[in-house]
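**Student:** The following comprises the amino acid sequence and a computationally predicted model.
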Amino acid sequence: MPVKQLLIFDSGVGGLSIFQEVIKQSSNVNCYYLSDNAYFPYGELDENQLIERLIMLLTEFVKKHPVDIIIIACNSASTVALTSLRASFSMPVVGVVPAIKPASLKTKNGVIGLVATPATIHRDYTKQLVKQFAADKSVLNIGSTALVKLAEDKLQGKTVDKQKLKAIFQPWLSREIRPDTLVLGCTHFPLLKKEISDCFENRVALVDSGEAIAKRVALLLKDEKLESDKVQYPVSYDAFYTLRDEEQCLLERAFINMSFDSFSLFSIKK
Ligand code: DGL
């Protein structure tokens, strides 16, 4: 059976939290990781601009680097663009959306905290998930780009500013009844699991979508209909970014530490 080729896509390093889960469950796959850092942060982009950018960038990428499955490892992108992306590509497109349902099953005090990008918090898709799976719960929201940046900082080797982290969660920390379960509705946030948990004195359950996405991908990979153009051993992991800047250079080490073989610029003509 040929080695399958995946594309894991995010605006920045958040998709690495998904990458880690995917390779845990599917060790025999090649992965491309594409970070659209030229348009980071996605959580503040206009919806139409985002959809247009995603279709253009991913079309160009898979033309050059054919893949069997595309994983949109970004809640901000998936909650607005999944339908358009599925209509644009012939291979399966797997999206990451906030894990409201598992959180709703897990909470004991009935108070769930959804922390995501400002865009994900405001999406109809997210509101629908809350209505469908947590209508009988109290769901509190925090939309934060600052938290996304703290995760990027961490992977660039900078110290995570605990005061900044505390300030972000202050509205929940100061409540009489705090949420006992947090939905990490942005793929950057599982990279800060330890810091977030510390912030709540470890008295909170953190729920994200990584494991469920990895399970879905593993299932799709079993489908014999998936054929790859590219057959190669051993397995390789190759990362691409869309803008070369100082921050991106600092990230190279994080990618190498996660077993990536290469880290290079992917540019498209406008
Ligand atoms: N990692 C992304 C997400 O899951 C978004 C971060 C950003 O704002 O670019 O929403």
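**Tutor:** Yep, that arrived.
**Student:** what's in contact with stretch 209-227?
**Tutor:** With contact meaning C-beta atoms under 8 Å, 6 or more residues apart in numbering, stretch 209-227 is reached by 1-2, 4, 6, 17-18, 20-22, 24-26, 29, 68-69, 71, 73, 75, 91-92, 94, 96-99, 102, 187, 190. C-beta coordinates here come from the backbone N, C-alpha and C atoms, glycine included.
**Student:** Residue 190 is in contact with residue 99, correct?
**Tutor:** No - the criterion here is C-beta atoms under 8 Å, and residue 99 misses it with residue 190 at 10.6 Å.
**Student:** got any residues that touch both of these two?
**Tutor:** Contact criterion C-beta under 8 Å, 6+ apart; residues shared by residue 99 and residue 190: 184, 208.
**Student:** Which of the contacts of stretch 209-227 fall in strands?
**Tutor:** Counting by DSSP state E, the contacts of stretch 209-227 place 4, 6, 29, 69, 71, 94 in strands.
**Student:** re earlier: can I get the buried part of the contacts of stretch 209-227 as one ChimeraX selection?
**Tutor:** Burial among those is assessed by 16 or more other C-beta atoms under 10 Å; the matching ChimeraX selection reads:
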select :4,6,17,18,21,22,25,26,29,68,69,71,73,75,91,92,94,96,97,98,99,102,187,190
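**Student:** now, which of the contacts of stretch 209-227 lie close to the ligand?
**Tutor:** Among these, the residues that sit close to the ligand (C-beta under 6 Å from any ligand atom) are 75, 187.
**Student:** Closest to the ligand out of the ones in strands among the contacts of stretch 209-227?
**Tutor:** residue 71 (11.8 Å; C-beta to the nearest ligand atom).
**Student:** what's near enough to touch that closest one?
**Tutor:** Per C-beta under 8 Å, 6+ apart, neighbours of residue 71: 6-9, 15, 18, 22, 93-96, 213, 217.
**Student:** and of the residues you listed, the nearest to residue 177?
**Tutor:** residue 96 (29.1 Å; C-beta to C-beta).
**Student:** and the closest one, what does it touch?
**Tutor:** Per C-beta under 8 Å, 6+ apart, neighbours of residue 96: 18, 71, 72, 73, 74, 75, 78, 187, 209, 213.
**Student:** I'd say the first one and residue 8 touch.
**Tutor:** Yes - between residue 18 and residue 8 a contact is recorded at 5.9 Å, counting by C-beta under 8 Å.
**Student:** Kindly point out which residues are neighbours of both of the two.
**Tutor:** Common neighbours of residue 18 and residue 8 (C-beta under 8 Å, 6+ apart) are 71, 73.
**Student:** List the buried residues in the host helix or strand of residue 164.
**Tutor:** Element membership for residue 164 (DSSP states H and E) is helix 162-173. Within helix 162-173, the residues that count as buried by 16+ other C-beta under 10 Å are 165, 168, 169, 172.
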